[in-house]
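Undergrad: got a structure for you, letters missing:
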């Protein structure tokens, strides 16, 4: 197993080098999205309306950060169980998403989409949301503010610790 220090802006260029179990320290822009936000994104797609961010080469973190404490960029920011987003994920990979971040297994449809698109699924450590938040340097709500913790946020990561859960060849840690 190897360690990689990667930036989300050029993650696509390095995905083929990643194998299941590799450690990735990710920096750069990542977008949060959970169940309710995924539903709204799909409503926008179906109606032909603009999305809150460009899906091409995007990384989505399945997280619903807690309220932000004073003098910090974000509250606790641990991963959400990924399989709840599986109905949406293959299309998002097909539309250009290069990575998703969460915890737990993924469906065969998601694994096929990862392989088809040369993408990756990265796992964050569950139950360590406060520790994960230490790697977030900026947090801005960019869509669906009414959803509270499930709003879409644009985060800036600095060496966010992850493990490759499913590599671009479809190999799975699960």
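TA: Yep, that arrived. What you see is a predicted model, and the numbers here were worked out from it, not measured in a lab. Residues are numbered from 1 along each chain as shown.

Undergrad: Could I get the contacting residues of residue 111?
TA: 166, 170, 172 (CB atoms under 8 Å, 6 or more residues apart in numbering). All C-beta spots, glycine's among them, are computed from the backbone N, C-alpha and C.

Undergrad: next helix or strand past the helix or strand bottoming out on mean pLDDT in the chain?
TA: For the chain, counting by mean pLDDT, DSSP states H and E, helix 129-133 ranks last in confidence among helices and strands (a mean of 82). Using DSSP states H and E, the helix or strand that directly follows helix 129-133 along the chain is strand 136-143.

Undergrad: how about the helices in the protein?
TA: 35-47, 89-94, 108-117, 129-133 (DSSP state H).

Undergrad: out of these, nearest to residue 147?
TA: Nearest of the helices of the chain to residue 147, taken as CB to CB: helix 35-47 at 5.1 Å.

Undergrad: which helices and strands does the closest one pack with?
TA: For helix 35-47, the elements it packs on are helix 89-94, judged by 3 or more CB pairs under 8 Å, 6 or more residues apart in numbering; DSSP states H and E.

Undergrad: I'd like the helices of the chain as JSON lines, with distance to residue 54 appended.
TA: Conversion of the helices of the chain to JSON lines gives the following (distance: least, CB to CB, whole Å):
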{"stretch": "helix 35-47", "distance to residue 54": "12"}
{"stretch": "helix 89-94", "distance to residue 54": "12"}
{"stretch": "helix 108-117", "distance to residue 54": "16"}
{"stretch": "helix 129-133", "distance to residue 54": "24"}
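
Undergrad: ok, now which ones touch residue 3?
TA: 22-25.

Undergrad: In strands, which of the residues you listed fall?
TA: Counted as lying in strands by DSSP state E, out of these, are 23-25.

Undergrad: Specify which member of those is nearest to residue 70.
TA: Taking those together and measuring to residue 70 by CB to CB, the closest member is residue 25, at 27.6 Å.

Undergrad: With that, I have no additional questions.
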